[in-house]
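K.L.:
Got a sequence here, can you model it:
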Amino acid sequence: MTVRTILVPVRGDGLGEGVLDHAWALAKRHVAHLEVLHCRPKPQDMIPYGVPIPASLMKTITTSATALADEEEGQIRKLFDDYCSRRDIAEVDGFPWPADRVSATWREATGKQANIIGRRGRLADLIAVAQPDRDRNLGLNTLQAALLESGKLVLMCPPRPVESLGARVAIAWNGSGEAARAMTTALPILREAEAVTLLAPEDSKLPVAVEEAKIYLDTHGVTSACERFTAKSAAVAQTLLDSARRLGCDCLLMGAYGQSRQRELILGGVTQYVVDHTDLPILFMH
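P.N.:
This is a model prediction of the structure:
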């Protein structure tokens, strides 16, 4: 198995090119296909819920919303076309895709991005999404839908330049089911990596030891090293990020939302801390 298709949702939030950069950097290593998807809102979603509105005003609102959506879609499509031209990405209308170079297809859908991504992502090998922007209240629903509804690996892309991705991979290992799923699902990426390091806490009893995880990777043709760290429970997330950076890794692979999602959002947790604070690309699996 290999990484063959990467779903890349884009919209008019200024983050589209950064997500494309991350997806392209990974696609280069696997000669993968990018399915770039723009989700335009339904005009009726612009109507205030539960507020009586005259028919004439409703028509004005929906007409204006449609015009704005058309304009945004045109701008993003141009960004996509220009990007493919600059990166020498083959634009194709659909399958079959070139087997010897990175290719991309433009797709359009109508509806809320989070709802569409959760469904469309089920037939991709990986979904690339922007790191949520809490200040602008953007992206968290899309990330959560990709993680919790698709069953696929999710690449979260921070807003910083990237040229290489998947060459040096750190794995956050705590022996949990989420960590195991992340590692097994990412085997195609790990096999193509130049260096793989398992990061595990030094002073805790793990349900599955990091040495056993290393043997599992060995049986699948992945050579890895083990790196242990000591950190208080509240500092585990930052220690993982610091360790991955210190080792020169270009991404961190980890299980997501080992506790319930609601509990992590309310009380905080490793996943939520990483989502909020990382400047390193993260490969998540729930």
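
K.L.:
and the host helix or strand of Ala146, which residues are buried?
P.N.:
Assessed by DSSP states H and E, Ala146 sits inside helix 140-149. Within helix 140-149, the residues scored as buried using 16 or more other Cβ atoms under 10 Å are Leu140, Asn141, Thr142, Leu143, Gln144, Ala145, Ala146, Leu147, Glu149. Every residue, glycine included, has its C-beta placed from N, CA and C.

K.L.:
Tell me which other helices or strands the very next helix or strand once past it touches.
P.N.:
Toward the C-terminus, helix 140-149 is succeeded by strand 153-157 as the next helix or strand (DSSP H and E). Strand 153-157 sits against helix 16-30, strand 126-130, helix 140-149, strand 282-285, with contacts defined as 3 or more Cβ pairs under 8 Å, 6 or more residues apart in numbering; DSSP states H and E.

K.L.:
and these as TSV, adding mean pLDDT and distance to Pro158?
P.N.:
Shown next, in TSV, are the helices and strands packed on strand 153-157 (pLDDT from 0 to 100; distance: least, Cβ to Cβ, whole Å):
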stretch	mean pLDDT	distance to Pro158
helix 16-30	95	8
strand 126-130	97	8
helix 140-149	92	12
strand 282-285	97	8
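
K.L.:
Deepest-packed of these, please.
P.N.:
Sort these by mean neighbour count, taking mean count of other Cβ atoms under 10 Å, and strand 126-130 sits at the top with a mean of 28.

K.L.:
tell me the angle it makes with helix 16-30.
P.N.:
150 degrees (axes from the mean of the first three to the mean of the last three Cα atoms, to 10 degrees).

K.L.:
Next, the angle helix 140-149 makes with strand 126-130.
P.N.:
On the basis of the same axes, to 10 degrees, strand 126-130 is oriented at 160 degrees to helix 140-149.

K.L.:
Which strands border strand 126-130, and is each parallel or antiparallel?
P.N.:
Paired strands of strand 126-130, with direction, are strand 5-10 (parallel), strand 153-157 (parallel) (DSSP bridges).

K.L.:
shaky segments in the stretch 101-250 of the chain?
P.N.:
For the stretch 101-250 of the chain, the stretches with pLDDT under 70 are 204.

K.L.:
Which parts of it are strands?
P.N.:
Ranges of strands within the stretch 101-250 of the chain are 103-110, 126-130, 153-157, 168-172, 195-201, 225-229, based on DSSP state E, counting those that start in this stretch.
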